[in-house]
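Undergrad: Kindly return the folded structure for what I paste below:
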Amino acid sequence: MSSLADTRQTHIYQDLLERYGPLLTGEVLRVSLGYPSQAALRQSLSRNTTPVRTFRIPGRRGRFALTLDVAQWLATRAQTPATGTEELARERCGQSSPSETGA
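TA: Numbering: from 1, shown residues only. Next comes the predicted model:
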């Protein structure tokens, strides 16, 4: 990762950590990952297609993600060219785009 990307990730991480702590869940996780609704996040969780690893904590409701993982993902997304929703969906599912396959 370049120093600019490292700096970007550090700033994102520090901001999220100060605001929300070391774990993100619920509405904060949804907004941070860019899902349009809680239902969209739930569907992604059920399909195992969230862009960061999530986990459960015994005795607590919902799914959690490490703030550091979300910050890393956001910094990575910020340095890649914008993609259409179709390409993003393929990326989440691990499929290649038609331009990559020569179609």
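
Undergrad: Can you tell me the SS state at residue 65?
TA: Judged by DSSP: H, G, I helix; E, B strand; the rest coil, the three-state class of residue 65 is strand.

Undergrad: That one contacts residue 57, correct?
TA: No - the criterion here is C-beta atoms under 8 Å, and residue 65 misses it with residue 57 at 11.4 Å. Every C-beta, even on glycine, is put in place using the N, C-alpha and C of the backbone.

Undergrad: the helices in the chain, which residues?
TA: Residue ranges of the helices in the chain, as given by DSSP state H, are 3-20, 26-33, 38-47, 67-79, 85-93, 98-101.

Undergrad: With respect to residue 53, which of these lies nearest?
TA: With C-beta to C-beta as the measure, helix 67-79 is the member of these nearest residue 53 (6.1 Å).

Undergrad: helices or strands next to the closest one in the packing?
TA: For helix 67-79, the helices and strands in contact under the criterion 3 or more C-beta pairs under 8 Å, 6 or more residues apart in numbering; DSSP states H and E are helix 3-20, strand 23-25, helix 26-33.

Undergrad: try 7 Å this time
TA: Using 3 or more C-beta pairs under 7 Å, 6 or more residues apart in numbering; DSSP states H and E as the contact criterion, the neighbours of helix 67-79 among helices and strands are helix 3-20, strand 23-25.

Undergrad: if we can go back for a sec, out of residue 65 and residue 57, which sits in the busier spot?
TA: It is residue 65, of residue 65 and residue 57, that has more neighbours when counted by other C-beta atoms under 10 Å, with 21 against 11.
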